[in-house]
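Chemist: generate coordinates for the sequence data below:
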Amino acid sequence: MLAKTHSNFGVAFGLSSVYLMESLEITAAGPLLSAAYVYFVYKGSGIPDIDHPTATISKRYPILSKVISKLFGHRKFTHSLLFILLFSAIHLLFVYANILGLTYLVNRYLGIDVSAVIPSGPLKVSLYLSFGLAVGMLSHVVGDSLTKRGVQILRPFSKKSYKLPFTFKTGSLVESVLSMLFVIFNVFMLMLIIYRYLLGLTYNGFSIEYLI
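Modeler: Take a look at the predicted model:
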């Protein structure tokens, strides 16, 4: 899959999971936190291609990309479930530490009790955002499993490539059509989610807590 398709596919995963989690009452995130979640899904959708020197993300971290490419090759370890789990866990610790530090500074120097504004707390926010990153990386792997080459999702335990029954060639007309369909789907889902939040705003009234 091309980078553009991965991004559109990732956003589709993000918006769909936000709507699903809200529908099943798994989370009670407001518009701002949900937007941050989708953004993390979007960023995560490009991370597995850090093993490809010409990928968009690799251009930002060229040295790291070359090292990873030489160590693992393309569509191997960075496209595995284990990589998604490990990277998400490290990201969770990093985000949690940063939110705790920011909360302390705001409370100490501005006198604002952040916990009163964000009732869910730093840990739940960190989990939510890191889960978004994992969903984005997973969308990348699922996307590449739609291509004829497939992905080695069980690395380093197995070198077998897995792909879905329906596959297409990367950069083909089929991929272009799918990418456009993802864009249309994303616009529809975004409008649906905005409508739901506006409906909630009508019933619950405006508050900072509701927005977050």
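Chemist: output the lowest mean pLDDT helix or strand found in this structure.
Modeler: Least confident helix or strand of the chain, by mean pLDDT, DSSP states H and E, is helix 208-211 with a mean of 51.
Chemist: centre of the chain to the helix or strand hosting Lys59, how far?
Modeler: Assigned by DSSP states H and E, Lys59 belongs to helix 56-60. Relative to its parent chain, helix 56-60 has a centroid offset of 17 Å by C-alpha atoms, centre = their mean, to the nearest Å.
Chemist: contacts for whatever helix or strand comes next after that helix, please.
Modeler: Next along the chain after helix 56-60, taking DSSP H and E as the criterion, comes helix 62-72. For helix 62-72, the surrounding residues in contact (C-beta atoms under 8 Å, 6 or more residues apart in numbering) are Ile50, Asp51, His52, Pro53, Ala55, Ile57, Ser58, Phe77, Thr78, Arg155. Every residue, glycine included, has its C-beta placed from N, CA and C.
Chemist: what's the distance between the nearest residue to the last one once chain neighbours are set aside and Phe72?
Modeler: Across the structure, with C-beta to C-beta, 6 or more residues apart in numbering as the measure, the residue nearest Arg155 apart from its sequence neighbours is Ser80 (4.0 Å). Separation of Ser80 from Phe72 (C-beta to C-beta, to the nearest Å) stands at 9 Å.
Chemist: what segments of the protein are helices?
Modeler: 3-23, 31-44, 56-60, 62-72, 81-105, 114-117, 121-144, 173-204, 208-211 (DSSP state H).
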